[in-house]
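Trainee: Have a look; sequence and predicted model below, questions after that.
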Amino acid sequence: MTDTHILHELAQVLEQRKQGDPDSSYVAGLHQKGLNKILEKVGEEVTETLLAAKDAEQSGNNDDLVYETADLWFHSLIMLSHLGTGPDAVLNELARRFGLSGLDEKAARSNGTKSSS
Ligand SMILES: N=c1c2ncn([C@@H]3O[C@H](COP(=O)(O)OP(=O)(O)OP(=O)(O)O)[C@@H](O)[C@H]3O)c2ncn1[C@@H]1O[C@H](COP(=O)(O)O)[C@@H](O)[C@H]1O
């Protein structure tokens, strides 16, 4: 399972964990602790990902970068799930932007035509 299918499988598990037992589930524990704890974890994973990227630049080895990015994506999915959305909304937004020049997209944002929020 190496395509976006895993995002949907994982998103379903994360939804189920909202009713899970925090003693036996890491995700249920985060949902129970609430949004601030989830955001704290996302922030930690951002920092760890940035450090891994700098290390990867030096070493030429991306293994730690991939590992930390997976942690970041995972905790971002918990954040989305906690707030009642999920990967489909993000993938749809990327699809909407697909083929649109980043410069044109940026100009559209400053014209106040941001569509997804
Ligand atoms: N993909 C993951 C996944 N990636 C990372 N992690 C956990 O996320 C945490 C990462 O936090 P840190 O790197 O800060 O490590 P830590 O210091 O041990 O964490 P804290 O004590 O600070 O919480 C670790 O506990 C990892 O085990 C994950 N835990 C769960 N999943 C998936 O989520 C599913 C549900 O998990 P449970 O809710 O635990 O059953 C699992 O089947 C997996 O598919």
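Mentor: Happy to help now that I have it. Numbers count the residues shown, from 1 in each chain.
Trainee: By mean pLDDT, flag the weakest helix or strand of this structure.
Mentor: Confidence across the helices and strands of the chain bottoms out at helix 102-110, with a mean of 78, counting by mean pLDDT, DSSP states H and E.
Trainee: Tell me which other helices or strands that one touches.
Mentor: With contacts taken as 3 or more CB pairs under 8 Å, 6 or more residues apart in numbering; DSSP states H and E, helix 102-110 sits against no other helix or strand. Any C-beta I mention is one placed from the backbone N, CA and C, and that applies to glycine too.
Trainee: For residue 103, give its distance to residue 90.
Mentor: Distance from residue 103 to residue 90, counting by CB to CB, to the nearest Å: 22 Å.
Trainee: Is there any residue in stretch 20-36 that contacts the ligand?
Mentor: Yes: among the residues of stretch 20-36, 25-28 lie within reach of the ligand under CB under 6 Å from any ligand atom.
Trainee: For those residues, which single residue is the most surrounded?
Mentor: Of all the residues of stretch 20-36 next to the ligand, the highest neighbour tally under other CB atoms under 10 Å goes to residue 27, namely 23 neighbours.
Trainee: Please name the nearest non-neighbouring residue to it.
Mentor: On the basis of CB to CB, 6 or more residues apart in numbering, the spatially nearest residue to residue 27 that is not a chain neighbour turns out to be residue 17, at 3.9 Å.
Trainee: and the longest helix for the chain?
Mentor: Within the chain, and with DSSP state H defining each element, the longest helix by residue count is helix 35-59.
Trainee: picking that back up, pull the most distant pair out of the residues of stretch 20-36 next to the ligand.
Mentor: Looking at those by CB to CB, the two members farthest from one another are 26 and 28, with 7.5 Å of separation.
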